[in-house]
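Asks: okay, predicted coordinates and the sequence, questions at the end:
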Amino acid sequence: MNGAVSNNPIDRRGLLRGGMVAAGGLAASALFPAWARIGSPGLAADLPTLSGEEIRLRIGHSAFQVGGRTGHAITVNGVLPAPLIRLREGQRVRLHVENGLDEDTSIHWHGLILPFHMDGVPGVSFPGIAPGKSFTYEFPIVQSGTYWYHSHSGLQEQMGHYGPLVIDPAGADPVGYDREHVIVLSDWTFLHPHQVMAKLKQQGGYFNRQRQTAGARGPENRMSGSDRLMWGRMRMDPTDIADVTGATYTYLVNGHGPQENWTGLFTPGERVRLRIINASAMTIFNVRIPGLPMTVVQADGQHVRPVETDELQISVAETYDVIVAPGDQGYTFVAESIDRSGMARATLAPRLGMSAPVPALRPRPTLGMKDMGMSHGAGSCPAEHAAMGHCSPGGGMDHKMRDTSLLPPQVKRGPGIDMVAAMAVDRTGDRPLGLEDVPHRVLTYHQLTPLTPFPDKRAPTREIDIHLTGNMERFMWSFDGKKLSEGAEPIRFERNERVRVNLINDTMMNHPIHLHGHFFEVVTGQAHGHPVKHTVNVMPGGKASFDLTADAPGDWAFHCHLMYHMHAGMMRVVKVRPLADAPPRA
């Protein structure tokens with residue numbers, strides 16, 4: 001997999017001279033950037049791309065059409081997704097952003113290492129961009145890889161305010177490929193995001209249309225009567241996997257719905273690089289290409305040792321680069337929502353008009369004891385756990401999962417917490433929910449090995465625990481039981497200190513946790529090294545740890561990247577001090 005890039009159809013110098021996508025509003029349906037149009041030949045030099053040292057972006061209102069319906073979108077330069085921005089490691093960039101909305105807006109450069117006042121989070125690192133005003137982001141490009149950008153104002157991201165960002169390395173790319181396609185996954189609803197939020201607050205499971213029924217049989221209703229009784233006593237729903245589902249969402253590939261069949265072209269025999277970005281507001285996707293193995297070469301913009309797999313789960317805000325070697329036929333790219341209420345679908349083909357069979361949605365998974373923070377199966381009660389009051393021998397779990405007295409002192413008790421993961425275990429090596437028993441290969445964090453080891457070899461000097469807390473029925477979300485709006489204290493780090501952060505998930509939901517301005521090592525315990533990421537998915541009832549070098553002075557956002565969870569309060573500010581009297585970042 002090593003060696004220089006052999007990208008014959010992709011003239012990078014020509015690409016960097018590419019012009020800007022035309023700005024402007026739309027009359028009936030959204031325009032698409034050239035790279036996102038059906039029948040894209042890949043990122044060739046003649047496809048308009050924003051690049052160079054001066055880039056201009058205008059945020060405004062547009063109409064967006066999918067599935068025969070038209071809705072209201074917030075777009076960048078009049079397109080959805082936003083234009084591809086392509087930069088090069090070592091350059092400096094000035095991004096002039098004009099706000100054409102009647103409300104404040106912003107752009108956060110997700111995964112980029114930059115000065116904190118350029119990070120684009122209103123109320124944390126800058127005041128935001130007022131209606132009719134402009135703001136210029138300026139910073140050096142000190143990295144390479146696949147990233148993205150999006151609004152950090154209100155719920156604008158749900159309405160289309162997101163786009164891809166690719167940074168080419170200053171030297172030779174360690175990944176060899178002949179053609180590349182950017183694949184932006186997202187979720188679209190014709191409901192206004194504030195309506196979605198209101199429905200979730202009124203009824204946490206409003207969009208869950210796949211609940212267990214009393215008398216139904218078949219793969220969707222495999223639960224025994226005793227298990228149903230147990231879940232009923234706990235007042236919990238084993239199908240509560242995604243808060244917002246295909247009941248309202250259309251799942252998009254590069255702005256196109258499943259019936260539109262976005263098609264990325266290739267020439268048989270080529271090595272094709274797919275830069276997969278999960279820019280959705282709330283949807284975790286399981287990605288596969290039936291009949292075509294994927295070799296993962298990058299995660300969150302960081303090179304990894306090539307690892308071949310047949311399916312991967314991409315959580316919200318993560319990116320994965322994969323290499324595929326397709327033959328002379330069409331292939332279906334499948335991105336199935338984690339709750340299997342719908343899918344995004346596209347085609348890779350040597351010629352336009354080709355397609356491949358589209359697999360049916362697989363049976364909806366259900367949560368189990370491990371997802372409740374019970375490390376043992378139902379009915380199991382080891383003596384040591386019985387002694388702690390976590391369960392009762394012979395009777396299974398005794399529902400101590402609601403006993404908030406088990407939480408440490410820093411966690412605020414109250415109506416915002418309805419569950420405690422009494423026996424949370426590290427789940428970074430677990431196959432994702434619903435993929436535990438599939439016969440093919442499935443990627444886990446334990447398989448990711450950094451191509452270049454993390455530069456800081458120091459052991460952490462301290463550990464901190466952060467509990468991911470919530471009340472699923474009331475749709476209340478927080479860290480340590482405290483919402484940001486309730487004046488939650490910042491998380492403080494000394495500049496350049498080495499810290500282990502333990503994320504303990506006291507809920508039955510997946511939470512993709514993102515730290516701005518930093519990369520960290522996800523602690524997997526594997527001898528080959530820990531993957532370097534900016535976002536880590538914490539599985540239900542489990543825990544995940546990361547080692548952080550706090551080398552970026554300033555104030556940074558730290559939050560769950562499920563947008564409505566963040567909006568509900570699952571966010572904190574990380575303060576790294578001192579700001580001065582320390583060497584600049586490399």
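Replies: Here it is on my side, so go on.
Asks: hey, which strand is longest across the chain?
Replies: The strand that spans the most residues within the chain, counting by DSSP state E, is strand 54-66.
Asks: list the buried residues for the helix or strand that it is followed by?
Replies: Remark: after strand 54-66, the chain's next helix or strand is strand 69-76, criterion DSSP states H and E. Neighbour counts over strand 69-76 (16 or more other C-beta atoms under 10 Å) mark Thr70, Gly71, Ala73, Ile74, Thr75, Val76 as buried. In short, each C-beta sits where N, CA and C put it, glycine included.
Asks: so the first one is in contact with Ser62, correct?
Replies: Spelled out, it's Thr70. No - when contacts are counted by C-beta atoms under 8 Å, Thr70 is not listed as touching Ser62 (10.4 Å).
Asks: give me the most central residue, this protein.
Replies: By C-alpha atoms, centre = their mean, the chain has its centre lying nearest to Val316, at 1.8 Å.
Asks: residue contacts, that residue?
Replies: Asn278, Ser280, Ala281, Met282, Thr283, Ile284, Pro512, Thr535, His561, Leu562, Met563 (C-beta atoms under 8 Å, 6 or more residues apart in numbering).
Asks: over to Ala281?
Replies: So Ala281 contacts Leu155, Glu157, Gln158, Ser186, Asp187, Pro193, Val244, Val316, Leu562, Met563, Tyr564 (C-beta under 8 Å, 6+ apart).
Asks: what about 10 Å?
Replies: 150, 155, 157-159, 162, 186-189, 193, 196, 244, 249, 316, 561-564, 566-567 (C-beta atoms under 10 Å, 6 or more residues apart in numbering).
Asks: next step: those residues restricted to strands.
Replies: Short answer: these in strands (DSSP E) are His150, Tyr162, Ser186, Asp187, Trp188.
Asks: redo those residues as JSON lines? Include pLDDT, distance to His440 and neighbour count.
Replies: Output for these, formatted as JSON lines (pLDDT from 0 to 100; distance: C-beta to C-beta, whole Å; neighbours: other C-beta atoms under 10 Å):
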{"residue": "His150", "pLDDT": "98", "distance to His440": "32", "neighbour count": "27"}
{"residue": "Tyr162", "pLDDT": "98", "distance to His440": "30", "neighbour count": "27"}
{"residue": "Ser186", "pLDDT": "98", "distance to His440": "26", "neighbour count": "27"}
{"residue": "Asp187", "pLDDT": "98", "distance to His440": "25", "neighbour count": "26"}
{"residue": "Trp188", "pLDDT": "98", "distance to His440": "29", "neighbour count": "23"}
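Asks: which one among those gets closest to Gly301?
Replies: His150 (15.1 Å; C-beta to C-beta).
Asks: who does the closest one bridge with?
Replies: His108, Tyr162 (DSSP bridges).
Asks: contacting residues for it?
Replies: Per C-beta under 10 Å, 6+ apart, neighbours of His150: 76, 81-82, 106-110, 120, 156-158, 160-163, 186, 279, 281, 317, 561, 563.
Asks: run through the residues that contact Pro306.
Replies: Counted by C-beta under 10 Å, 6+ apart, Pro306 has contacts Met1, Asn2, Pro174, Val175, Thr295, Val296, Val297, Gln298, Val322, Ile323, Thr449, Leu451.
Asks: so what pLDDT did the first one get?
Replies: With respect to pLDDT, Met1 has a value of 35.
Asks: before we move on, what about the third one?
Replies: You'll see Pro174 listed with a pLDDT of 96.
Asks: host element of it?
Replies: Here Pro174 is assigned to no helix or strand, by DSSP H and E.
Asks: tally of neighbours for it?
Replies: By the criterion of other C-beta atoms under 10 Å, Pro174 has 17 neighbours.
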